[in-house]
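[1] Whatever this is, show me its structure:
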Amino acid sequence: MQEATNQLLLEDESLRDGLQQEKCVLTTSDKLTLFHLLRAAGVKRIQVGSFVNPKVVPQMADTADLFKAIGEEGKDIASALILNEKGLERAINCGISHLSMSVSASDTHSLKNTQKSAREALEIMPPLISQALASGLKVRAGIQCAFGCVYEGHIDESRVMATASKLIQAGALEINLADTTGMATPKTVRILVGKIKKEFPTAGLSLHLHDTRGLGLANMLAGYEVGVRCFDVCAGGIGGCPFVKGAAGNVPTEDAVHMFEAMGVHTGIDLKMLCEAVSFLEQKLNRPLPGRMKTVINSGCSNG
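    Next comes the predicted model:
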């Protein structure tokens, strides 16, 4: 469930969204180290993996092992993504307490992602939400391609609203609007968020924004200005959807922390310690990552 309305929550997804399309597959030990670095920096929710087909997304094959290694440390902080009944069963067996479940508002993207149409994927989700809630899990329900699809273009807002309605009726207490293809703008964020908040005033709302076209932080600020207090981010700005051509790059956790703190909005995250996690990722992935604040911090110009 989403945190209190006036409390900002940045959920780091570098271990899931960030790594899911990397050619370099990190070991479970390396993932555990990254989890500890993020936790030590003050990140309050970390999506550590997904329970999906390991043949399709081999980077997530060890999610169950990672949860086992994290143990009690992850009880109130660790989350994971599931897309179907098998994934839910695996998640429950791991003793997880928080789950993200996601469907797409785009038929084309849904077929590429789950081999099901958007309608078919949505039909199976309410029973899964009910089962997860009955098992004592907190559930966040996501709508992918909420702001557009590179294959289908504009996604009608009525389709997003109808999807949100079914997910909320099933019991989801938080709706996550995902800009899977990086097509959102500050204007479209304000419009869609405004409509969701008006139609479903008691539902928690979060945003998953990709920085594909360089508007990630601008869209995040727009969301914050219209009342969103929960955002998905990735250390270093890695990640993207492996089923959408060119949809790479999440909002870097460190850049989001800097923006909010500079605005006087407390994140509870230590920026310098967070940049240690980014440095670790750069070392393991053997390349510089797109996030900006690590370079600023290392240059000694963070106050300039």
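[2] rest of the way, CA atoms for contacts and neighbours
    OK.
[3] Got the phi and psi for the closest residue to K138 other than its chain neighbours?
    The shortest distance from K138 to any non-neighbouring residue, by CA to CA, 6 or more residues apart in numbering, is to H98 (4.7 Å). Torsion angles at H98 (phi, psi; degrees, to the nearest 10) stand at phi -130, psi 130.
[4] tally of neighbours for H98?
    Neighbours of H98 under the rule other CA atoms under 10 Å: 25.
[5] quick one: it and L133, what's the gap?
    Separation of H98 from L133 (CA to CA, to the nearest Å) stands at 10 Å.
[6] shared neighbours, these two?
    Taking CA atoms under 8 Å, 6 or more residues apart in numbering as the criterion, H98 and L133 both touch V139.
[7] secondary structure class for G194?
    Here G194 is recorded as helix under DSSP: H, G, I helix; E, B strand; the rest coil.
[8] That one: neighbour count?
    G194 has 17 neighbours, counted by other CA under 10 Å.
[9] same check, this time on the one 10 residues further on
    The burial metric for G204, expressed as a neighbour count using other CA under 10 Å, is 22.
[10] same thing with the one 5 residues further on?
    Applying the criterion other CA under 10 Å, we find 28 residues in the vicinity of L209.
[11] Show the contacting residues for it.
    A178, D179, T180, G182, G216, N219, M220, F231, D232, V233, N250, V251.
[12] Mind putting those residues into TSV with pLDDT, neighbour count and distance to L111?
    Output for the contacts of L209, formatted as TSV (pLDDT from 0 to 100; neighbours: other CA atoms under 10 Å; distance: CA to CA, whole Å):
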residue	pLDDT	neighbour count	distance to L111
A178	96	25	17
D179	95	27	17
T180	92	29	14
G182	92	27	19
G216	96	26	26
N219	98	24	27
M220	98	26	28
F231	98	23	26
D232	98	27	24
V233	98	31	25
N250	93	33	23
V251	96	30	26
